[in-house]
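> okay, here's the prediction I keep looking at, along with the sequence it came from:
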Amino acid sequence: MKKIAAGLLLTFFSFTIAAQPGRWQQRVEYTMDIDFDVNTHQFSGDQEIVYYNNSPDTLNRVFYHLYFNAFQPGSMMDVRSRTLPDPDGRIRDRISQLEEGEIGYHKIKSLKQDGESIEFEIEGTILEVRLDKPILPGQKSNLTMKFESQVPIQIRRSGRDNKEGIDYSMAQWYPKMAEYDYEGWHANPYIAREFYGVWGDYEVKVKIDSSYVLAATGLLQNPEEIGHGYEKGETVNRGKKKGLTWHWKAENVHDFMWAADRDYAHDIIQVPDGPEVHFFYQNDTLVQNWKDLQPYTSQAFEFINQTFGKYPYSKYSVIQGGDGGMEYPMATLISGHRSVKSLVSVTVHEAIHSWYQMVLGSNESLYGWMDEGYTSFASSITKHHIYDGKSNANPLAGSYASYFSLVKSGKEEPLTTHSDHYSTNFAYGAGSYSKGAVSLNQLSYILGKDVFYNGMRRYYSDWKFKHPNKTDFKRVMEKHSDLELDWYYEYFINSTHTIDYAIKSVQSNGTETDVILERVGKMPMPVELFVEYESGEKEIIYIPLSIMRGEKGKEIEGFEWSVYSDWPWTHPLYKFTIPANMTDIKSMEIDATLRMADVDRSNNTFPFNIDVGIVGKKKN
């Protein structure tokens, strides 16, 4: 076989929101007017949705998400939390204890299609609408709604009065159209996991007591009236109006979030060749931590733009609120009572969700590992960079350790499991976040780093604003590397099979050395055997898998690169001969870079008294 050259050039495509050939997607245009009463924590809303049916199907019904209805005793979220063996500590049984004035709800007062009233039915967090006038392929329809809502006590992501005293974290706060794609409707009830939405434009007006400062998705349309740092960093005197209307617009997003508090401080920085970043945080004793966060955020955006693809919007907001860290289009809600390093960590992670969810828009409920896993990988790489590479010798070490712990626990489930249906929170978290991150780092081992990172940028360029699935990602990497990768996803994503390779035997054969490697685990992988000779020479013996239909090129300097014959995945043993005396071999190690998720590295070395991951270094 011929070697695969690393560092293939990318052709970047211009900004587009059109779907791939043969792949259609729906579109929405939201207009919402909200009248918010801070005394009752209730609001009334007028909503108009222009729904574009770009599918080849005739739609006889549509579905909305009513997320606030989850925060009621007896809801599916409540019961699920109380029956899991390891419930989220932020929820536990709190929903079951809510009183009437503390619950959340959406009450639909009226719903019309193209001006005519239509019937609807509410089941928990889902609104089902039977259309009197079917929406034909290529047609659009106007859906107008009047609704009333109550903001629940903050329990999970959204709500009022969070533990740090932020008044309103308004996420998943409005009746939201469910997604319809090539797999059909995705009208999943809100259980507490992830989200999937329709690309579209939002125009939102929020009338609220003038003592509040708001932060939101999108661009503020009336900054001169609003003030509070929105106009060139200066505060504008807004007078003594009891109510003030904030007017926002956001284009090509699949959700809209806002937050409100009386005590928000507001800072703005400009990322070089990047977005304007806004920071909203309580004006308290931790102000300096939020000030120190800002240059790190700028560094992070610069690095991510260069490494994974350019952020397409002109603005991003880091907002204190919520219950930890949660991503939304053009913004994030994070808890703010943290050290500087913790603020940097959560901000970087949530900001990178702008790439791996908010811009790519995968179905994160179904492919949680493509959302949380890819974000965890990129955030580890980014933090390693902005801390000058001193944060950890291996940026992904924590993700590997978490994955190995999951395997050892016996609770692992395939990553193809829907996010809501994992048997434990532990399996979901360690799987989607940690194993998902490992899946990318291990892919860089299979393809080579240069090919891998060029492929990541190509994936972002080709699929932004298009809802890619796991096959779309795989095909980009296959085309970019000229390798077949079906086997990798069948094993590492679709199953819980593990990797374990061993040096089974090393024997002298005259002037040569016979070596037998063993695949102990069920999952096959290409193998890199690092060999160090007594002379000081170093060699990597690279053994591709036959089902890859190719091989990667040399990527590590300082080692001779020797490509051996393919290893068929059906064969547990692989025998070969090194043309050197056994006494001339100082050490051998399978995968000294530690990128292969080998669950037992005790059998990776010869002799067996050297440290794993450091060729030739003896243990103390």
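Received the coordinates, thanks. Numbers count the residues shown, from 1 in each chain.
> can you tell me what sits against the lengthiest helix in the chain?
Identified as the longest helix of the chain according to DSSP state H is helix 287-308. Helix 287-308 is contacted from outside by 265, 267, 269, 271-275, 277, 279, 281, 311, 316, 318, 336, 338-340, 343-344, 347-348, 351-352, 355, 378, 381-383, 385-386, 453, 456-457, 460, using Cβ atoms under 8 Å, 6 or more residues apart in numbering. Yep, even glycine has a C-beta here, placed from its N, CA and C like the rest.
> quick one: buried residues of stretch 82-92?
Neighbour-count burial for stretch 82-92 flags 84, 87-88, 90-91 (criterion: 16 or more other Cβ atoms under 10 Å).
> any idea which of those residues is closest to Gln47?
Ile91 (28.1 Å; Cβ to Cβ).
> circling back to that earlier point, among the buried residues of stretch 82-92, which two are most distant?
Leu84 and Arg90 (12.8 Å).
> per the record, what domains does the protein have?
19-198, 381-492, 501-606 (automatic domain parsing).
> nearest to Met257, of those?
The nearest among these, by Cβ to Cβ, is domain 19-198 at 4.7 Å.
> pLDDT of the closest one, averaged?
Confidence for domain 19-198, expressed as mean pLDDT, is 96.
> for the nearest residue to Ser211 once chain neighbours are set aside, what are phi and psi?
Excluding its sequence neighbours, the residue lying closest to Ser211 (Cβ to Cβ, 6 or more residues apart in numbering) is Arg262, at 5.2 Å. When read as degrees, to the nearest 10, the backbone of Arg262 gives phi -80, psi -20.
> next up, the contacts around Arg262.
Counted by Cβ under 8 Å, 6+ apart, Arg262 has contacts 167, 211-213.
> His228: which of those is nearest?
Out of the contacts of Arg262, the member with the shortest distance to His228 (by Cβ to Cβ) is Val213, at 4.8 Å.
> helices along this protein, start to end?
76-83, 223-226, 287-308, 340-352, 368, 374-386, 397-409, 425-429, 436-447, 449-463, 470-481, 486-492.
> mind listing what's buried along the third one?
When burial is assessed from 16+ other Cβ under 10 Å, helix 287-308 yields the following buried residues: 289-290, 293-294, 296-305, 308.
> who touches stretch 544-553?
Applying Cβ under 8 Å, 6+ apart, the contact partners of stretch 544-553 are 1, 3-6, 446-448, 451, 481-487, 524-526, 542, 563, 566-569.
> which of those residues fall in strands?
Cross-referencing those against strands under DSSP state E gives 542, 563.
> please name the nearest non-neighbouring residue to the residue nearest the centre of the chain.
Residue closest to the average C-alpha location in the chain (Cα atoms, centre = their mean): Asp371, at 2.7 Å. What sits nearest to Asp371 in space, not counting adjacent residues and going by Cβ to Cβ, 6+ apart, is Glu364, at 3.7 Å.
> do the same with Tyr453
Thr307 (6.7 Å).
> any regions of this protein where pLDDT drops low?
The chain contains residues with pLDDT under 70 at 1-22, 229, 231-241, 390-392, 608-620.
> mind listing what the residue of it positioned farthest from its centre touches?
Distance from the centre of the chain peaks at Gly510, with 54.6 Å (Cα atoms, centre = their mean). By Cβ under 8 Å, 6+ apart, the contact list for Gly510 is empty.
> and the buried ones among the contacts of stretch 544-553, selectable in ChimeraX?
Restricted to buried positions by 16+ other Cβ under 10 Å, the ChimeraX selection for these reads:
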select :4,6,446,447,448,451,481,482,483,485,487,524,525,526,542,563,566,567,569
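> how far away is Asp273 from Tyr459?
Using Cβ to Cβ, to the nearest Å, Asp273 is found at 22 Å from Tyr459.
> what's the answer for Asn494, then?
Asn494 is 20 Å from Tyr459, by Cβ to Cβ.
> those two: which is more packed in?
More crowded of Asn494 and Tyr459, by other Cβ atoms under 10 Å: Tyr459, with 24 against 12.
> which ones are touching that one?
468, 472-473, 476-477.
> so can I have CSV of the residues you listed showing distance to Phe606 and neighbour count?
What follows is those, written out as CSV (distance: Cβ to Cβ, whole Å; neighbours: other Cβ atoms under 10 Å):
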residue, distance to Phe606, neighbour count
Pro468, 43, 23
Asp472, 41, 18
Phe473, 37, 24
Val476, 38, 20
Met477, 33, 21
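> now distance to Glu534 too, for those residues, in TSV please.
Shown next, in TSV, are the contacts of Tyr459 (distance: Cβ to Cβ, whole Å):
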residue	distance to Glu534
Pro468	50
Asp472	49
Phe473	44
Val476	44
Met477	39
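> and of those, the nearest to His186?
Using Cβ to Cβ, these come closest to His186 at Pro468, 15.2 Å.
> wait, isn't the closest one in contact with Leu360?
Yes: shown here, Pro468 and Leu360 form a contact pair, counting by Cβ atoms under 8 Å, at 5.9 Å.
> hang on, Val253 packs against Met330?
Yes: between Val253 and Met330 there is a contact at 6.7 Å, judged by Cβ under 8 Å.
> mutual contacts of the two, please.
Taking Cβ under 8 Å, 6+ apart as the criterion, Val253 and Met330 both touch 217-218, 358.
> highest neighbour count among those?
Met358 (28 neighbours).
> what residues does that residue make contact with?
253-254, 327-330.
> who wins for neighbours among these?
Neighbour max across the contacts of Met358 (other Cβ under 10 Å) = Tyr328, 28 neighbours.
> excluding its backbone neighbours, what's nearest that residue?
Met257 is the one closest to Tyr328 (Cβ to Cβ, 6+ apart), at 3.9 Å.
> quick check, the one you found in contact with Glu327.
No: the criterion here is Cβ under 8 Å, and Met257 misses it with Glu327 at 9.3 Å.
> out of the shared contacts of Val253 and Met330, who's nearest Asn581?
Met358 (58.2 Å).
> any idea how far the closest one is from Glu102?
Distance of Met358 to Glu102, computed by Cβ to Cβ: 30 Å.
> ditto for Asp371
31 Å.
> Gly200 now?
For Gly200, the distance to Glu102 - Cβ to Cβ - is 32 Å.
> swap in Lys435?
Taking Cβ to Cβ, one finds Lys435 at 37 Å from Glu102.
> looking at those two, which is more packed in?
Regarding Lys435 and Glu102, a neighbour count based on other Cβ under 10 Å identifies Lys435 as having more, with 28 against 20.
> what residue, apart from its backbone neighbours, is nearest the more buried one spatially?
Nearest non-adjacent residue to Lys435 (Cβ to Cβ, 6+ apart): Tyr403, at 4.7 Å.
> what's that neighbour in contact with, if anything?
Residues counted as contacts of Tyr403 (Cβ under 8 Å, 6+ apart) are 430, 434-435, 438, 597.
> tabulate those residues (JSON lines), appending distance to Lys207.
As requested, the contacts of Tyr403 are exported to JSON lines (distance: Cβ to Cβ, whole Å):
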{"residue": "Ala430", "distance to Lys207": "44"}
{"residue": "Ser434", "distance to Lys207": "44"}
{"residue": "Lys435", "distance to Lys207": "46"}
{"residue": "Val438", "distance to Lys207": "48"}
{"residue": "Ala597", "distance to Lys207": "53"}
